[in-house]
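K.L.:
Take a look and give me a structure for this.
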Amino acid sequence: MVLSAAQLPFLIDGSYLEFADRLPEEHVDAAWSKTYDSYQVLWKLQSRVLDRLPRHIRGELLSGLAESAERTGRTEERNMFLEKIIEHLPGSQYARAAEEWQTDPAAARSTRISCKYCHGSGTLEAHIARLNDQ
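P.N.:
Next up, the predicted model:
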């Protein structure tokens, strides 16, 4: 499979978001910096149609923006994206996690908002089974 230049941010941001904290210490900051930059590209492409995106895509975009801003020391941006998560995904697991980060900013340094709601044990398999039953 060959990726176009437009598809590259999707690959970079999701991969680094999931694995940046697991890299050797000397690579962590650079990985988060690339993650942040990639999510900024996605934000420019998708922000205009945010409310038309599927809930999961909206959640992963906004949570990736919040997480990468947090991990790169951009507190003001992190707070802005936490507010957007709460506004655009009310009642969701994303919003509950965002509210937790707002209540306990120290939790943001060691917890995640993204990539855990459909990829947990058994959840992806259950989702695929529902899709196959339709």
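K.L.:
any idea which helix or strand comes after the longest helix seen in the chain?
P.N.:
Ranked by residue count and defined by DSSP state H, the top helix of the chain is helix 25-46. Next helix or strand after helix 25-46 toward the C-terminus (DSSP states H and E): helix 55-71.
K.L.:
Just checking the distance from the helix or strand following that next one to the centre of its chain.
P.N.:
The first helix or strand that comes after helix 55-71 along the chain, using DSSP H and E, is helix 75-88. Helix 75-88 sits 12 Å away from the centroid of its parent chain (Cα atoms, centre = their mean, to the nearest Å).
K.L.:
Can you tell me how far the residue nearest in space to the middle of the chain is from P24?
P.N.:
Nearest to the geometric centre of the chain sits G64, at 2.3 Å (Cα atoms, centre = their mean). For G64, the distance to P24 equals 22 Å [Cβ to Cβ, to the nearest Å]. The C-beta positions use only the backbone N, C-alpha and C, and glycine is treated the same way.
K.L.:
what do you get for S15?
P.N.:
With Cβ to Cβ as the criterion, S15 and P24 are 16 Å apart.
K.L.:
the more surrounded of these two?
P.N.:
Taking neighbours as other Cβ atoms under 10 Å, S15 and P24 compare with S15 leading, 14 against 6.
K.L.:
any idea which element the more buried one lies in?
P.N.:
Per DSSP H and E: helix 8-19 holds S15.
K.L.:
Let me know the pLDDT of K44.
P.N.:
Looking at K44, its pLDDT stands at 92.
K.L.:
And A98, by the same measure?
P.N.:
Value for A98, per-residue pLDDT: 95.
K.L.:
again with H56
P.N.:
At H56, pLDDT is 87.
K.L.:
Using PDB, list the CA coordinates for stretch 66-78.
P.N.:
C-alpha atoms of stretch 66-78 as PDB (Å, rounded to 0.1, in the frame of the first residue of the first chain):
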ATOM      1  CA  ALA A  66      -5.800  17.600  23.800                       C
ATOM      2  CA  GLU A  67      -3.300  14.800  24.500                       C
ATOM      3  CA  SER A  68      -0.600  16.000  22.200                       C
ATOM      4  CA  ALA A  69      -1.000  19.600  23.500                       C
ATOM      5  CA  GLU A  70      -0.600  18.300  27.000                       C
ATOM      6  CA  ARG A  71       2.400  16.200  26.300                       C
ATOM      7  CA  THR A  72       4.100  19.200  24.500                       C
ATOM      8  CA  GLY A  73       3.400  21.700  27.300                       C
ATOM      9  CA  ARG A  74       0.700  23.600  25.500                       C
ATOM     10  CA  THR A  75      -1.700  24.000  28.500                       C
ATOM     11  CA  GLU A  76      -3.900  26.700  26.900                       C
ATOM     12  CA  GLU A  77      -4.500  24.600  23.800                       C
ATOM     13  CA  ARG A  78      -5.100  21.500  25.900                       C
END
